[in-house]
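>>> coordinates only, sequence not included:
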Ligand code: ZN
């Protein structure tokens, strides 16, 4: 069972895909895949009766982010040891947290816009955690795991000059430019079995960049939710983008992105693939 949103930007409809790959229009059940829907149905999507739902043909349709605009997008920095090393920074003892503006969330294959004059736009393939139940002052990772609705593929696009030179000790200015968070193609419900070892990889113009597994995360999804809940209330529909593995341009090993480049992100069979073209802000497609 997977959840998707399809249609033109701002007009997406909610869709559920069964285990045979058939897509159904979810609008008789919910107007959107938002916090209210996730709070009601997280953990029991298999109990949704699909027989009365209209079938949907997916071919040729734009894929939107699989969640409606989140109330918050929370980023985690330096959550893979090899990426901390390539960034020249020590491995953190506690999660490093920053905010992305929620309006950065776009479809998985939408164009990514290079801000005017920006020189250091970079890719970051990540596991995204979508919250399904309000999380506050959680006492255990078990409690935290129960607050996770599902997982998505997330590209935490970053502008390194804005992040490291314009932002001061926090990074949000380099993380919040328009289109800087392609998410999707789908949301897969979280289970005890699928959280541990998701393969992540990225390519630029077909050349390999990142290749790792969520097994290498310093702080796993449940621990992140538990720790964050000590400082803020996580709401259904919120997105946590959980950090990126080694292999970004910031390492100095690869050039930064330019208009015309194509990013490809993979979360393996579980999370699917994304593909984005880079365009200049001055000359949108
Ligand atoms: Zn990131």
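Here it is on my side, so go on. Keep in mind it's a predicted model, so treat the numbers as computed, not measured.
>>> Not counting sequence-adjacent ones, nearest residue to the residue in the chain that the ion sits nearest to?
Nearest residue of the chain to the ion (Cβ to the ion) works out as residue 156 at 3.3 Å. Heads up, the C-betas are built off the backbone N, CA and C, glycines and all. Nearest non-adjacent residue to residue 156, counting by Cβ to Cβ, 6 or more residues apart in numbering: residue 124, 4.0 Å away.
>>> circling back: backbone torsions only: list them for the residue of the chain closest to the ion.
Backbone torsions of residue 156, given as degrees, to the nearest 10, read phi -90, psi 70.
>>> ok, now which ones touch residue 263?
112, 123, 155, 202, 203, 204, 257, 274, 275, 276, 278 (Cβ atoms under 8 Å, 6 or more residues apart in numbering).
>>> Tell me, how many residues neighbour the residue of the chain closest to the ion?
Per other Cβ atoms under 10 Å, the neighbour tally for residue 156 reads 27.
>>> So it is in contact with residue 75, correct?
Yes. With contact defined as Cβ atoms under 8 Å, residue 156 reaches residue 75; the gap is 5.9 Å.
>>> shared neighbours of these two, anything?
By Cβ under 8 Å, 6+ apart, residue 156 and residue 75 have these common neighbours: 100, 175, 241.
>>> What is the neighbour count of the second one?
When neighbours are defined as other Cβ under 10 Å, residue 175 has 26 of them.
>>> ok, it touching residue 102?
No. Shown here, residue 175 and residue 102 do not form a contact pair, counting by Cβ under 8 Å, at 11.7 Å.
>>> can you map out the helices along the stretch 1-150 of the chain?
Under the criterion DSSP state H, counting those that start in this stretch, the stretch 1-150 of the chain contains helices at 35-41, 81-86, 141-145.
>>> coming back round to it: out of the contacts of residue 263, which are buried?
112, 123, 155, 202, 203, 204, 257, 274, 276, 278 (16 or more other Cβ atoms under 10 Å).
>>> tell me the secondary structure for the fifth one?
Here residue 203 takes the strand state, with states given by DSSP: H, G, I helix; E, B strand; the rest coil.
>>> ok, residue 10 - contacts?
Contacts of residue 10 by Cβ under 8 Å, 6+ apart: none found.
>>> per-residue pLDDT, it?
As predicted, residue 10 sits at a pLDDT of 95.
>>> And the one 5 residues further on, by the same measure?
On pLDDT, residue 15 comes in at 97.
>>> now the spatially closest residue to it that is not a sequence neighbour: how far from residue 21?
Leaving aside its chain neighbours, residue 15 sits nearest to residue 4 (4.6 Å; criterion: Cβ to Cβ, 6+ apart). For residue 4, the distance to residue 21 equals 12 Å [Cβ to Cβ, to the nearest Å].
>>> One more: residue 253?
To residue 21, residue 253 is 38 Å away according to Cβ to Cβ.
>>> quick one, what contacts the residue of the chain positioned farthest from its centre?
Centroid-distance maximum for the chain: residue 52 at 31.0 Å, with Cα atoms, centre = their mean. Going by Cβ under 8 Å, 6+ apart, residue 52 touches residue 28.
>>> near the ion, which residues of this protein show up?
Contact residues (Cβ under 5 Å from the ion) of the chain with the ion: 124, 156, 244.
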